[in-house]
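Visitor: What follows is a protein structure lacking sequence information:
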């Protein structure tokens, strides 16, 4: 018979958090913990309490009352505190303090919740192995697509599916820039400058516009989807810096939009991971995505296509994801970091060639007799057949030409472009962009 | 020191399933278990095995090899078998065998996975209390929006949010009928007959077109969202049977689409649950939803708006959701049925009045001088201001008039329509449909 004075399993103690990083997201987490203490307790089955926080500058003015929490200046010291159960890492950065503190937390037997995509994309395997060896969780819903519960959907909701493809628009800044270019008819440089002034860009903007940030997220999704070790180095990365307003306009004319789209799929050639500008049909859910919103598309052999849409960044959405993970831990949910034990994750063979797809080509043709025929012949010689072609009216001696091909390979497109040079009728460098069939 | 010959916690035994109901979904579950045994084991952390199945007619030809499983004709007997851990209820029906067998499973200490929205919408509170008293789970992802992991998103992913509103298009048949009416310009009766011949309708079509099936789903979402006892009787139900092709056309002219939309929200007036035709902007995610696809929109105070889209029915999607729940149980995830202990769920006060909204009005005006002014005056007298009004050209003595109001109440709209009768210029009964602001 149990001792009536001893708390039984039905009355677990509070789950005690240490929050490292008090930027936008950290303060968002504090606000939820303070505003919704009762709600969290009733849903988590036990109180969720912040015990200690950590940031470099204690004197900074912050939008929350932190006086009830112990203060640490060193995140490693926070991670090791005896009075916390979960280390919430919201500092960012793939190495340095974030990594050291996460490792310290695991060594000290703490579960970890993190929003740090770079850390996990580069060190996820080692961290997962360390955590799982000690029976600990690392949860990272907030690291991918902000408030959208996509890690949960993929790892849990769709766990009975062989995943066919994962796609995502997962960097709101890039999508803002691309949609603003289209809607305002402005060139990239001008909108980039606007975005900088609006504070939409990371301190190192290449993380955004170079596709690195979104590439980190894709690598995490691919690891879960295919049971492979996270391998960010194998992500084919191409940013949006060279997207011309002419291509955005021309794509729209042909019924497409240009998105910085992440795609992960396992084919007979290996694991394909790419984060690159693609054309998608303007009337598809991905094509209709405007501004800073994120979208992830998950395709499974049983479930078909699931589309998830929401805010990919910001205080509230990201804090929502962090606290969702915290509640899972409070409820006792424990699963391997990437959905199956880290020790069983396979080393994926990176695909050496991309799955075939239609391509969009834009080139400038010299106004000579037979010019279009020569281009068409060059495509035919490269084994590419044309789906749609459009030549625009022109006032001078050159004419813009748009081509949508049938499904072909990147290699064949490269061959065709080489052949164009020999025709003597194509001016400058043609533009070729993959069309993702969504 | 532990005995090396005894299986430790790292090698749990198989999770053993009993499947009651071998229709489309049941066979879909069998297929996944057979096709993906390794995948399920690696993700669940233990083998997932079907041990016994149950259906009325053993002789029926089914699209799966069932010879390896024990056969029961009585679902209650299946539920009580010693060799199953999880009772998977895929029979359907709010009472009768499904209820009896689910109760028997709980009494026998089995976790339950079900796709049965009617059962839970009507008996969810009692079943949840019974299960939770024994430390058991009832999971029902497949009961709402098929393959879309919306129960998981709401109960877990968004658990740190106060939910502001839940909306959903959750009956694929109704959305098929409405989009087909618009795209083909056909009246309701004709498309209904098409749907019947295509096998899209339940044996009792009122379950679909009367909004009952979708209403069951909404009641379940509302219980989770607001921590209230599931109360299907309080759902305001209105089907699509009286939607005229004229209204679909007129709504489109004004930039809207008509959807059978479920909305749950907690206001100062109480809990509002309605499943009724609404206008939504044609360019919103809900407005763009075509055919049999489902969409659920979740709005939380931190996360903002999350949109989930996917197949709401069918063998693969529904079986995916069932097996996702099974894997959660295999992983040891245990949470209260409705996200917080059933004993703590509040009895919600049903809202006596709906939240204010804009309304769409369509009426036929007699072609008399001052007719439009009289209608406008009647609206003004009822306290309703007009956002947009459109009178169409006409060949005879009547003219169709469309009005989009500013935000108003259902009561004021009723008053206005009463006043229209007194004007002597409105022919027949005006149509009024709520516009949901999405």
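Guide: Received it, and whenever you're ready, just let me know what you need. This structure is a prediction, so every number in the text was calculated from the model and none was measured.
Visitor: show me where the stretch 301-438 of chain A has strands.
Guide: A:304-311, A:359-366, A:386-391, A:398-405, A:426-434 (DSSP state E, counting those that start in this stretch).
Visitor: To clarify, my last question referred to the stretch 101-250 of chain A.
Guide: Using DSSP E, counting those that start in this stretch, strands in the stretch 101-250 of chain A cover A:111-114, A:138-139, A:163-169, A:236-237.
Visitor: Tell me the helices and strands packed up against the second one.
Guide: Just to be clear, that refers to strand A:138-139. In terms of contacts (3 or more CB pairs under 8 Å, 6 or more residues apart in numbering or on different chains; DSSP states H and E), strand A:138-139 is packed against strand A:111-114, helix A:117-133, helix A:315-330. Where you see a C-beta, it was placed from the backbone N, CA and C, and this is true even at glycine.
Visitor: Any residues of the stretch 251-400 of chain A in contact with chain B? List them.
Guide: Residues of the stretch 251-400 of chain A found near chain B (CB under 8 Å from any CB of the partner chain) are A:283, A:285, A:288, A:300-311, A:314, A:316-317, A:319-324, A:326-328, A:331-336, A:339-341, A:344.
Visitor: ok so, going back, can you say which of the strands of the stretch 101-250 of chain A is nearest to residue B:432?
Guide: The closest of the strands of the stretch 101-250 of chain A to residue B:432 is strand A:163-169. By CB to CB, the value is 38.6 Å.
Visitor: That closest one near chain B at all?
Guide: No - judged by CB under 8 Å from any CB, strand A:163-169 and chain B are separated, with a smallest distance of 9.9 Å.
Visitor: Tell me which other helices or strands that strand touches.
Guide: helix A:212-226, strand A:256-267, strand A:293-300.
Visitor: Using JSON lines, please lay out the strands of the stretch 101-250 of chain A together with mean neighbour count.
Guide: Listed next are those as JSON lines, based on neighbours: other CB atoms under 10 Å in any protein chain shown:
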{"stretch": "strand A:111-114", "mean neighbour count": "27"}
{"stretch": "strand A:138-139", "mean neighbour count": "26"}
{"stretch": "strand A:163-169", "mean neighbour count": "23"}
{"stretch": "strand A:236-237", "mean neighbour count": "16"}
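Visitor: returning to that earlier point: would you mind finding the most buried of the strands of the stretch 301-438 of chain A?
Guide: Counting by mean count of other CB atoms under 10 Å in any protein chain shown, strand A:304-311 has the highest mean neighbour count of the strands of the stretch 301-438 of chain A, with a mean of 24.
Visitor: neighbouring strands for it, and are they parallel or not?
Guide: strand A:293-300 (antiparallel), strand B:304-311 (antiparallel) (DSSP bridges).
Visitor: For the helices and strands packed on strand A:138-139, give me JSON lines that also has mean pLDDT and distance to residue A:28.
Guide: Below are the helices and strands packed on strand A:138-139 laid out as JSON lines (pLDDT from 0 to 100; distance: least, CB to CB, whole Å):
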{"stretch": "strand A:111-114", "mean pLDDT": "98", "distance to residue A:28": "13"}
{"stretch": "helix A:117-133", "mean pLDDT": "98", "distance to residue A:28": "17"}
{"stretch": "helix A:315-330", "mean pLDDT": "98", "distance to residue A:28": "3"}
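Visitor: highest average neighbour count across the helices and strands packed on strand A:163-169?
Guide: helix A:212-226 (a mean of 27).
Visitor: List the contacts of residue A:146.
Guide: Residues near residue A:146 by CB atoms under 8 Å, 6 or more residues apart in numbering or on different chains: A:172, A:294, A:310, A:311, A:312, A:313, A:314, A:317, A:318, A:321.
Visitor: From what I see, the third one and residue B:306 are in contact.
Guide: Yes - between residue A:310 and residue B:306 a contact is recorded at 4.1 Å, counting by CB atoms under 8 Å.
Visitor: Where does the stretch 251-400 of chain A get nearest to chain B, which residue?
Guide: Of all residues in the stretch 251-400 of chain A, residue A:323 sits closest to chain B, at 3.3 Å by CB to the nearest CB.
Visitor: Surely that residue and residue A:29 touch.
Guide: Yes - between residue A:323 and residue A:29 there is a contact at 6.2 Å, judged by CB under 8 Å.
Visitor: Can you list the low-confidence ranges for the stretch 1-150 of chain A?
Guide: Residues of the stretch 1-150 of chain A meeting the criterion pLDDT under 70: A:1-11.
Visitor: what does it put close to chain B?
Guide: A:28, A:32, A:36, A:39-40, A:42-45, A:141, A:147-149.
Visitor: Could you save those residues as CSV and add columns showing neighbour count?
Guide: Formatted as CSV, those follow (neighbours: other CB under 10 Å):
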residue, neighbour count
A:28, 24
A:32, 25
A:36, 20
A:39, 20
A:40, 23
A:42, 19
A:43, 28
A:44, 24
A:45, 21
A:141, 29
A:147, 31
A:148, 30
A:149, 32
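Visitor: Quick check: of these, which lies closest to residue A:61?
Guide: Distances from residue A:61 to the residues of the stretch 1-150 of chain A next to chain B, taken by CB to CB, are shortest for residue A:28, at 16.0 Å.
Visitor: What are the buried residues along the helix or strand harbouring that closest one?
Guide: Secondary structure from DSSP states H and E places residue A:28 in helix A:24-35. Buried residues in helix A:24-35, counted by 16 or more other CB atoms under 10 Å in any protein chain shown: A:25, A:26, A:27, A:28, A:29, A:30, A:31, A:32, A:33.
Visitor: Kindly report the same for stretch A:69-87.
Guide: A:69, A:72, A:75, A:76, A:78, A:79, A:80, A:81, A:84, A:85, A:86, A:87.
Visitor: Could you work out the end-to-end span of that stretch for me?
Guide: Length of stretch A:69-87, first residue to last, CA to CA, to the nearest Å: 14 Å.
Visitor: outside of it, which residues touch it?
Guide: Residues contacting stretch A:69-87 (CB under 8 Å, 6+ apart): A:15-21, A:50-56, A:58, A:89, A:91, A:97-98, A:100-102, A:104-105, A:108, A:110-113, A:326, A:329.
Visitor: Of the strands of the stretch 301-438 of chain A, which is nearest residue B:130?
Guide: It is, among the strands of the stretch 301-438 of chain A and with distance given as CB to CB, strand A:304-311, at 32.2 Å.
Visitor: circling back to that earlier point, nearest to residue A:255, of the strands of the stretch 101-250 of chain A?
Guide: Using CB to CB, the strands of the stretch 101-250 of chain A put strand A:163-169 closest to residue A:255, at 18.2 Å.
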